[in-house]
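A.B. asks: Any chance you could fold what I've pasted below:
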Amino acid sequence: NPFYVVGGDEPSEVDWNARFTALERRYCYQIVAGGTDWNTVFDYDRAWRVKRTLNVESMALAANHLTGTHDFSSFRGRGCKRSHPVVTMKNIHVFENCHYLGPHQPQMLTISITGTAFLYRQVRNMVGC
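C.D. replies: All right, here's what the predicted structure looks like:
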C-alpha cells in the first residue's frame, strides 16, 4: 500500500518502508528465573522460564562484549537470507525488573537489545531461548 503526503495541490506518493528505512530496531526478552512461586499470572505465556536464578551482573558484563560491529555468524539462524553476517549492536541492557526476594520468589529479568539490523533469529539465539 502506498503512503500519500497531503500538501499542495495534489497528494503525492511517498516511497517509504518501515522495515527497510528504520535506523534501529529493538528486541526485549523477559525471563522469569528461579523460585518455586510461579504466580506470574500476566507473564505465564510472555516470559522465558528458567529453573535456577541467574547472575545478572555477569550477564551484563558478557553482553558488553557483544556490542559494536561484529560477525554474528554464530548466532545466525538456519534459513537466514542476509548476504553478510556483520551487524552492529548499539547496546544490550540486562536488568532485574524487581529485586530477588528469596528462594521461593522468582527473579524477573529483561534483556533489551538495540541494533541497526539483525540476522534471522540472532537475538533469540543470543538470549538463549
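
A.B. asks: what comes into contact with stretch 54-68?
C.D. replies: By C-beta atoms under 8 Å, 6 or more residues apart in numbering, the residues outside stretch 54-68 that reach it are 31, 33-34, 88-96, 107, 109, 111, 126. C-betas here are computed from N, CA, C, even on glycine.

A.B. asks: can you count the residues close to residue 62?
C.D. replies: 12 (other C-beta atoms under 10 Å).

A.B. asks: For the helix or strand it falls within, list every residue counted as buried.
C.D. replies: Using DSSP states H and E, residue 62 sits within helix 56-64. By neighbour count on 16 or more other C-beta atoms under 10 Å, the buried set for helix 56-64 is 56, 59, 63.

A.B. asks: downstream neighbour of that helix in the secondary structure list?
C.D. replies: Moving toward the C-terminus from helix 56-64, the next helix or strand (DSSP H and E) is strand 68-71.

A.B. asks: What average pLDDT does that next one get?
C.D. replies: Predicted confidence along strand 68-71 averages 97 (mean pLDDT).
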